[in-house]
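Just a sequence and a predicted model for now, questions to come.
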Number of protein chains: 2
Amino acid sequence: MSQQEDCSFCQIARGEMDTEFVHEEDNVVAFEDLDPKAPVHVVVIPREHVTAEADLPAETLKQLMGATQTVAEEQGIAEGGYAVRINHGADAGQEVDHLHVHVLGGRGLNMP
Amino acid sequence: MSQQEDCSFCQIARGEMDTEFVHEEDNVVAFEDLDPKAPVHVVVIPREHVTAEADLPAETLKQLMGATQTVAEEQGIAEGGYAVRINHGADAGQEVDHLHVHVLGGRGLNMP
């Protein structure tokens, strides 16, 4: 599994950042976004350093996307509704070059 | 492969709606959103009727998410940046109960 020394999300996944995991699986960890855009805003990442969905093995991608649903259920937003967002590149405001999936929900969630 | 008679996205996938596909693979089709929220706004769906990512076989999920990247490249938004969004339930404004992935990009893309 590939990781990068200086990637903050790799460091989080390795447990070097004192970040509390709200959910954890063998290939995936989830933690609260530091700058939440909704009442519930969790970031779900693969432990492996990849930049795009297509770079993950199929089973890991399935675990990653499945974990977003588990997180939504555990956070109590699955029933009311939640948004899954992946941002790629500058126009979309991507700040960390390690694939990460935002899970947003709760009162006041403003879509699209 | 499961489909539903009265699902508009199943009908699109079956070619019954005169919807032009901007991209097509064996298990996936993509078409322009009728109410675009960005200069480029394409909807990518599995042909199979499922409501959640975790309901898809791993290889189909990988094809679906990989297709979002292909669409972004073909639409010329991969380099500048693009957003991938999946909405679940009423709070997130989901209107069709068939898993669909929004790909948004271009000038004026307003995130998150």
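Thanks, I have the structure now.

For the rest of this, base every contact and every neighbour count on C-alpha atoms.
Will do.

Can you give me the distance of the residue at minimal distance from the centre of chain A to residue A:104?
By C-alpha atoms, centre = their mean, chain A has its centre lying nearest to residue A:44, at 1.9 Å. When distance is defined by C-alpha to C-alpha, to the nearest Å, residue A:44 is 11 Å away from residue A:104.

just residue A:93 next, same as before
Look at residue A:93 and residue A:104: by C-alpha to C-alpha, they are 16 Å apart.

you'd agree residue A:60 is in a strand?
No: read with DSSP: H, G, I helix; E, B strand; the rest coil, residue A:60 is helix and lies in no strand.

That one: what's it in contact with?
For residue A:60, the contact set (C-alpha atoms under 8 Å, 6 or more residues apart in numbering or on different chains) comprises A:27, A:46.

What score does residue A:90 have for pLDDT?
pLDDT, the model's per-residue confidence, is 80 for residue A:90.

Neighbours of it, how many?
Applying other C-alpha atoms under 10 Å in any protein chain shown, we find 12 other residues in the vicinity of residue A:90.

Next up, the contacts around the residue lying closest to it once chain neighbours are set aside.
Spatial nearest neighbour of residue A:90, excluding adjacent residues (C-alpha to C-alpha, 6 or more residues apart in numbering or on different chains): residue B:81 at 5.4 Å. Residue B:81 makes contacts with A:87, A:88, A:89, A:90, A:91, A:92, B:105, B:106, as judged by C-alpha under 8 Å, 6+ apart.

Which pLDDT value goes with the closest residue in space to residue A:18 that isn't next to it in sequence?
Nearest non-adjacent residue to residue A:18, counting by C-alpha to C-alpha, 6+ apart: residue A:12, 7.5 Å away. We have a pLDDT of 96 for residue A:12.

can you state the direction angle for the one helix or strand residue A:87 maps to and strand B:82-88?
Following DSSP states H and E, one finds residue A:87 within strand A:82-88. On the basis of axes from the mean of the first three to the mean of the last three C-alpha atoms, to 10 degrees, strand A:82-88 is oriented at 170 degrees to strand B:82-88.

in its sheet, what does strand A:82-88 sit against?
strand A:101-105 (antiparallel), strand B:82-88 (antiparallel) (DSSP bridges).

and residue A:24, which of those is closest to it?
Nearest to residue A:24, of all the strands paired with strand A:82-88, is strand A:101-105, at 14.1 Å by C-alpha to C-alpha.

Not counting that closest one itself, show me its contacts.
Here strand A:101-105 makes contact (C-alpha under 8 Å, 6+ apart) with A:37-45, A:68, A:71-72, A:77, A:81-87, B:91-92.

ok, now with 7 Å
A:38-45, A:68, A:77, A:81-86 (C-alpha atoms under 7 Å, 6 or more residues apart in numbering or on different chains).

If you rank those by neighbours, which is first?
residue A:82 (30 neighbours).

just curious, which of the contacts of residue B:81 is nearest to residue B:32?
Distance to residue B:32 across the contacts of residue B:81 (C-alpha to C-alpha) is lowest for residue B:105, with 12.3 Å.
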